Every structure is written in structure tokens, then in C-alpha cells.
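Sharing a model that was predicted from the sequence below.
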Amino acid sequence: MLHIDNLHVSVADKPIIKGLTLDLPAGQVHAIMGPNGAGKSTLSYTLAGRAGYEVTGGAATLDGEDLLALDPAARAAKGVFLSFQYPLEIPGVPALTFVRTALNAQRKARGEAEIGAPEFLKRARATAAALKMDFEMLRRGLNVGFSGGEKKRMEIFQMAMLEPRLLILDETDSGLDIDALRIVSEGVNALRSEGRSMLVITHYQRLLDYIRPDRVHVLAAGRIVASGGPELALELERDGYDKYASAA
Amino acid sequence: MTGLRDALLARDETRLPGRRDEDWRWTDLRGTLRPLPVVSDAVQPLADRTDLDGVRTRRFAAPESAGVLALSLSVPAGETLVLLDVIEAGQGAYARDLTLHITLGEGATLHRLVLAADSADAVSVSLTHVTLAPGSTLQQTVLATGAKRQRIATTVAHPGAGAHAQLDGAYLLAGARHSDQTTILDHQGPGGTSAQLIRGVAADQSRGVFQGRITVAEGADGTDARLKHNALLLSDRAEIDAKPELEIYADDVACAHGNTVGALDADALFYAMSRGIPEAEARLMLVEAFIGEIVERIGAPALQDAARAFLADGLEALRR
Ligand SMILES: Nc1ncnc2c1ncn2[C@@H]1O[C@H](COP(=O)(O)OP(=O)(O)O)[C@@H](O)[C@H]1O
Ligand SMILES: [Mg+2]
């Protein structure tokens, strides 16, 4: 599914990702853990195609296709979805309008028919109910006046509606209380399937109790410095990142 | 006297207002009409009718070469009028001046929407003088898409005394169009309120102008006057000039004014694109949302619909 090979990324001419290699096979969930400032968000923005994240070397491909050559909208149409660490507010655009516009734009890019209003609303209602979201919230300006936890839920709502193939969750657990964490995790787990891969970025092991990863990678100072099974997350929880901070 | 009307009627090009006139420094009409077009002797065709839904619509057709028109309207005490003024686009390089007088009686309410669509080569000025009475309410929204030179100015004589004036506006400019919204609001007595929100978008090489002058006269104590202008520049060759002015000679006055000019929020644009919305569409969506607040503030539902339709056309022009 996703191959990242010796990736180098600079932000404002400062190298942040420094030779990162990662293989995420179809159907798998990989966790990326690391200390603050390690470059986790930089990696997710780079994969999503944000301006200002300059790839100075290496490659990233999705099913063999060069991801880095595409603009963010084209990547989304190929199935890339980033759940933002800090979701944006878009005043004046109701969440429902936003998601429907996005869904139809993706469908159009893939040569598929647009989704009709009744079908869209039906799906939106069911998805919101599963995430225990107040449907009326979806009629208001996207994320405007929402709490941190509500914004994260809205990210998962969008993800469930857009049905991406590559899911990148950037600290989706931050700002969530334990109930919200459970609901959001259930939403994510419901999307687990053979054709879908996930990159779950987190600072804490807690989220991985709910979303069980196939593999865990440690990102420190812009590189993957260790990889292992789920037990690696427990070890990090116990010992912290100090060991890797010095390794990097 | 200077003014488009005076210049046209006197057939005297030197009377055209220009950059040396303080109020016209950003909307220079000098040299825009050469030779000065001849005013057709007939009064411009004007349709004025009231629909079943109670909306009175006045259509100001564009002149072939030049036209001037002066009109008065009053809303009797205690009555409500929903008024749609459509300044229609014509062909080519015409010059038009509209001078409109509106008087509101005590406790009267006027909802007024002005849709100013001029052709790209036109020079078009409209000036509305509104006189409010105690307890009356003016709720006006001006939507404009510009011209070679376009100015829509409103003056309001505000007696205070529980009267309220809302003077909103939006401009959506593409190509080399120019649009100027100017408001002159005189709070003359105590206990009056006013609120103004103007949003503008300038693309390509267009130029948006906003001038808002609020005067709170001596004795107009307890006045609450708010004024906000926010504009988006969609191109680095576009220009926005804005001048909010407050002159306060009274006590216990609440005045707030703000003015921002910026680019489209790059983070919001990336967020929308990351969901699969192509850049051009994402831009339009954000612009539409930015202008949309002006429509939300329109109190009369029938006028809201007309405003939406007009803005949809204006947005379409930005796409090209
Ligand atoms: N826009 C930016 N401009 C300059 N430096 C940045 C920017 N974004 C991130 N950085 C720097 O890049 C490094 C990695 O940041 P980030 O990817 O956000 O880390 P993480 O998500 O792992 O906490 C940090 O040193 C941070 O200061
Ligand atoms: Mg981060």
C-alpha cells in the first residue's frame, strides 16, 4: 500500500524528516510513536501534501504511484485521508455541505457518479449516530465553536463518510476524554478492512489499547529508530523516549 | 459643484470628481469619459412594481450613452417596506448617475437590497440620501460587482431616538473592475444605534474601495455605532483601499470599528483540499462563506433569495 523510502523533508529550510523509511502493507495498522518535535506531524502533512513541506529527497508511493507528485485534492481522491492534530474551523461552511462537496469532488475525480442528497443524508445520519454526535452540529459552520474533542469526532465523521484507503491519524487521542476515546476508536476500528491501511500517530500508548496496531515504530529526530510488535508501545510507556532521544 | 451628475448635465468634463477631491481620491472619474457622453433627453426607463410577496422592485435600466435620474421615496410612519433596487447592467461604455432620496416616518421600517450590476466599461454612480425619524429602522444591503468606475454611496441622517441603521455591503470584483462603497452616517441625536458590515473580494486586477464615515454630533449621547470592513485579496495585482473614520463629539458613546484586508486563509484552503476539494472549488467555497455572512444578516427572506442569486453570478465571474 504505502512505501516511504529514505524520505527527507525540510520546513522553512530546516531539515525535519531525515531519511525515513516505512512500509505499510494493505490491511495493516501501524503506529508511529515519538517524543514531541520528532517530526510526526511533519510526516503526516508531507503525506497529505501541505505547501511549505519541501521534500528534498526520497520517495513516497501509494500502490506504486508517486504520491508526492500529486496536489492534496488529487491525493485525497486516491484515498489519502489525514485526521488533523489541530482541525481547522471553517466559518460559513456547514459540515454537511463541506463533506458532501468533498465526497462528490472525489467521486468526480475517480469518474464515479455523484451521491444524491437523500442517500448522503441517510449515511450522514447513521455515521453521526454511531459516533454519538448531535446531528444539528453538522448544520453549523464546520468546527466553529466546537471543543477539541468535538473537532476530533468531526475528523472521524469525515473519514467515515469519505471512506479513504490510507488513513493517517495524527494524535487523534489528544483532547479526548475516556468515553470519547472509546467512541472515536470504535469509529476507527469499524473502518478496518483488508483494503485499508492506517498510520496511527500518537504520543501515548493509551490509544493503542483501543486501536490495536500490527506494528509499532518509534520516530525520533526525523527517522524511524526502532520497530516492533505491539509490545514496543508498552515498553515506551514504561521507559519513555529517553533511550531513543540519545540514539537519534 | 462636482459630481458625475453635474458634469453630465452641464456637459462640462472639468466637473468630474477626481483624485484631488478628498472623497473621490480612490474613485477618480477624470479621464474616464472622453468625450463626455450626451444625456438622453428622456428619463431612463424604470420599472417599479410590487410583487405578491410584498417586495417592491425598482429596476434601473442602463442608459445607452448617459443617463441621470433623481427619485424620492418615503415610507409612512409605522409602515414597513421591502425594497429591491436593481441597478441593471447595460452595453458598453455608458455613464449613469442615480440620486435617490428616501425618508422614513416615525417607527417605519425599510428593508432595502441594492443589486448593482454594471457592465465592465461603465461609469456608474448612485447616491442615496436617507433621512430617518425616531424609532425607525433602515436595514440596507448593497451588493456590487463593479464597473470601470462604480460608486454606491449612502448618507444617513440619523436622529437617534431609538432609530437604527444597518448599512451592510459586499463587493465581488473580477477582471479590471472597480467598485466603491461609501457610507456617511450622521448620528445627530441621543440614543441611536447603527451597525455596518462590509465584506469585499478583489481578484485579478480589480480594485475595491470602502469609505465609511461616522459622525456622532454633540449631544448625540449614548450612541452605539459599529462599523466593520473585511476584505480578501485573491491576487497580488488586486487592490483594496479602505478608510473607516469616526468623529465623536458626544458622551457615553460606544463605537467599534475594524478593518482587515488579507489573503484567503492558506490553512483552511489546505484543509479543504486535503478532503479532495480541488483548489479552484475550495477557493470559491471559502469566498462564498466569507460573503455569506452578509446574506445571513438580511432580515427579509425574499431579499435573501435575491441576494443569493446575485452573489452566485458574482462568484461564477470569479471562476473565469
Ligand atoms: N511550520 C513550521 N515552521 C518551522 N518549524 C516547524 C514547523 N512545523 C514544525 N516545525 C518544527 O519541526 C519539528 C517537528 O515538528 P512536528 O512534526 O510538529 O513534531 P511532532 O508532531 O512529532 O510533535 C519541530 O522541531 C518543530 O519545531
Ligand atoms: Mg504533532
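Nice, thanks for sending it over. Keep in mind the model is a prediction, meaning the values are calculated, not measured. Ligands and ions are numbered 1, 2, ... in the order given.

ok, which residues in the stretch 151-300 of chain B are in contact with chain A?
Counting by C-beta under 8 Å from any C-beta of the partner chain, the stretch 151-300 of chain B comes close to chain A at B:266-268, B:270-279, B:281-282, B:285-286, B:288-290, B:292-293. (Each C-beta comes from the backbone N, C-alpha and C, glycine too.)

Now the buried members of those.
B:268, B:270-278, B:281-282, B:285-286, B:288-290, B:292-293 (16 or more other C-beta atoms under 10 Å in any protein chain shown).

Skip the chain neighbours and tell me the closest residue to the residue of chain A found nearest chain B.
Here chain A gets closest to chain B at one residue, A:Gly92, 2.9 Å apart by C-beta to the nearest C-beta. Using C-beta to C-beta, 6 or more residues apart in numbering or on different chains and skipping the chain neighbours, the partner closest in space to A:Gly92 is B:Ala289 (2.9 Å).

And A:Asp177, by the same measure?
A:Gly149 (6.6 Å).

ends of stretch A:103-119, how far apart?
End-to-end span of stretch A:103-119 (C-alpha to C-alpha, to the nearest Å): 12 Å.

Identify the residues contacting it?
For stretch A:103-119, contacts defined as C-beta atoms under 8 Å, 6 or more residues apart in numbering or on different chains pick out A:73-74, A:76-77, A:100, A:120, A:123, A:161-162, B:276-278, B:281.

Kindly provide the whole-number mean pLDDT of it.
Regarding stretch A:103-119, the rounded mean pLDDT is 94.

Also stretch B:95-109?
96.

and it, how far out from the chain's middle?
Offset of stretch B:95-109 from its chain centre (C-alpha atoms, centre = their mean, to the nearest Å): 14 Å.

how close does the residue nearest the centre of chain A get to A:Leu67?
Of all residues in chain A, the one closest to the mean position by C-alpha atoms, centre = their mean is A:Ile168, 2.2 Å from it. Counting by C-beta to C-beta, to the nearest Å, the gap between A:Ile168 and A:Leu67 amounts to 12 Å.

what's the overlap in contacts for these two?
Residues within reach of A:Ile168 and of A:Leu67 at once, by C-beta under 8 Å, 6+ apart, are A:Leu47, A:Val80.

where in chain A is pLDDT low?
In the predicted model, chain A carries pLDDT under 70 at residues A:245-248.

Just the pLDDT for the residue in chain B that ligand 1 sits nearest to.
Per C-beta to the nearest ligand atom, B:Asp267 is where chain B lies closest to ligand 1, at 10.6 Å. pLDDT recorded at B:Asp267 is 95.

which ones are touching it?
A:Leu88.

Could you check how far it is from A:Arg153?
From B:Asp267 to A:Arg153 the distance is 20 Å (C-beta to C-beta).

swap in B:Leu33?
59 Å.

So between these two, which is more surrounded?
Under the criterion of other C-beta atoms under 10 Å in any protein chain shown, the comparison of B:Leu33 against A:Arg153 puts A:Arg153 first, with 24 against 21.

residues in contact with that one?
Per C-beta under 8 Å, 6+ apart, neighbours of A:Arg153: A:Leu131, A:Met133, A:Ala180, A:Ile183, A:Val184.

and the residue nearest the centre of chain B, what element?
Most central in chain B under C-alpha atoms, centre = their mean is B:Val142, positioned 3.9 Å from the mean C-alpha point. If you go by DSSP states H and E, B:Val142 is part of strand B:137-144.

quick one, the helix or strand that comes right after that strand and strand B:137-144 angle?
For strand B:137-144, the succeeding helix or strand toward the C-terminus, using DSSP H and E, is strand B:149-158. If you take axes from the mean of the first three to the mean of the last three C-alpha atoms, to 10 degrees, strand B:149-158 sits at 170 degrees to strand B:137-144.

Give me the mean pLDDT for strand B:149-158.
On average, strand B:149-158 scores 98.

that older thread, farthest-separated two in the contacts of stretch A:103-119?
A:Ala74 and A:Arg123 (23.9 Å; C-beta to C-beta).

What count of nearby residues applies to B:Gly92?
B:Gly92: 11 neighbours (other C-beta under 10 Å).

Now the nearest residue to it once chain neighbours are set aside: phi and psi?
Leaving out its chain neighbours, the residue that sits closest to B:Gly92 by C-beta to C-beta, 6+ apart is B:Asp121, at 5.4 Å. With angles defined as degrees, to the nearest 10, B:Asp121 sits at phi -100, psi 0.

just A:Gly141 next, same as before
Torsion angles, degrees, to the nearest 10, at A:Gly141: phi -50, psi 140.

Who does it form a beta bridge with?
A:Pro94 (DSSP bridges).

quick one: contacts for the residue in the stretch 151-300 of chain B positioned nearest to chain A?
Relative to chain A, the nearest point of the stretch 151-300 of chain B is B:Ala289 (2.9 Å; C-beta to the nearest C-beta). Contact partners of B:Ala289, counting by C-beta under 8 Å, 6+ apart, are A:Ile90, A:Pro91, A:Gly92, A:Val93, A:Gly141.

My guess is the third one contacts B:Phe290. True?
In other words, A:Gly92. Yes - in this structure A:Gly92 lies within contact range of B:Phe290 using C-beta atoms under 8 Å: 6.6 Å.

Kindly provide the distance from the residue nearest to the centre of chain A to A:Lys40.
10 Å.

go on, A:Pro230?
Distance from A:Pro230 to A:Lys40, by C-beta to C-beta: 18 Å.

The two: which is more packed in?
A:Lys40 (23 against 15).

Can you find the helix or strand in chain B with the smallest mean pLDDT?
strand B:46-50 (a mean of 86; mean pLDDT, DSSP states H and E).

For chain A, what lies in contact range of ligand 1?
Listed as neighbours of ligand 1 in chain A under the rule C-beta under 6 Å from any ligand atom: A:Val11, A:Ala12, A:Lys14, A:Ile16, A:Gly34, A:Asn36, A:Gly37, A:Ala38, A:Gly39, A:Lys40, A:Ser41, A:Thr42.

hmm, which of those are the buried ones?
By neighbour count, with 16+ other C-beta under 10 Å, those hold A:Val11, A:Ile16, A:Gly34, A:Ala38, A:Gly39, A:Lys40, A:Ser41, A:Thr42 as buried.

Go through those residues and flag which are in helices.
Among these, DSSP state H puts A:Lys40, A:Ser41, A:Thr42 in helices.

Include distance to A:Leu176 when you put those residues into TSV, please.
TSV is the format used below for these (distance: C-beta to C-beta, whole Å):
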residue	distance to A:Leu176
A:Lys40	17
A:Ser41	17
A:Thr42	23
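
what's the closest of these to B:Gly208?
A:Ser41 (36.7 Å).

Distance check, the one residue in chain A that gets nearest to ligand 2 against A:His203.
Closest contact between chain A and ligand 2, by C-beta to the ion, is at A:Ser41 (3.2 Å). According to C-beta to C-beta, A:Ser41 and A:His203 sit 11 Å apart.

how many neighbours does B:Thr57 have?
17.

thought it was touching B:Leu46?
No - the pair B:Thr57 / B:Leu46 is not scored as a contact, 10.8 Å apart, by C-beta under 8 Å.

Count the residues that sit near B:Arg213.
17.

Same question for B:Asp305.
For B:Asp305, using other C-beta under 10 Å, the count is 14.

My reading is that it lies in a helix. Confirm?
Yes - per DSSP: H, G, I helix; E, B strand; the rest coil, B:Asp305 lies within a helix segment.

any idea which of the contacts of A:Arg153 has the most stuff around it?
Result: A:Val184 is most packed of the contacts of A:Arg153 (other C-beta under 10 Å), 26 neighbours.

Give me the secondary structure label for that one.
Relying on three-state DSSP, one would call A:Val184 helix.

With adjacent residues omitted, what lies nearest to it?
A:Ile156 (5.3 Å).

can you count the residues close to that neighbour?
When neighbours are counted by other C-beta under 10 Å, A:Ile156 registers 25.

With B:Asp48 instead?
With other C-beta under 10 Å as criterion, B:Asp48 counts 12.

Show the contacting residues for it.
B:Arg56, B:Thr57, B:Arg58, B:Arg59.
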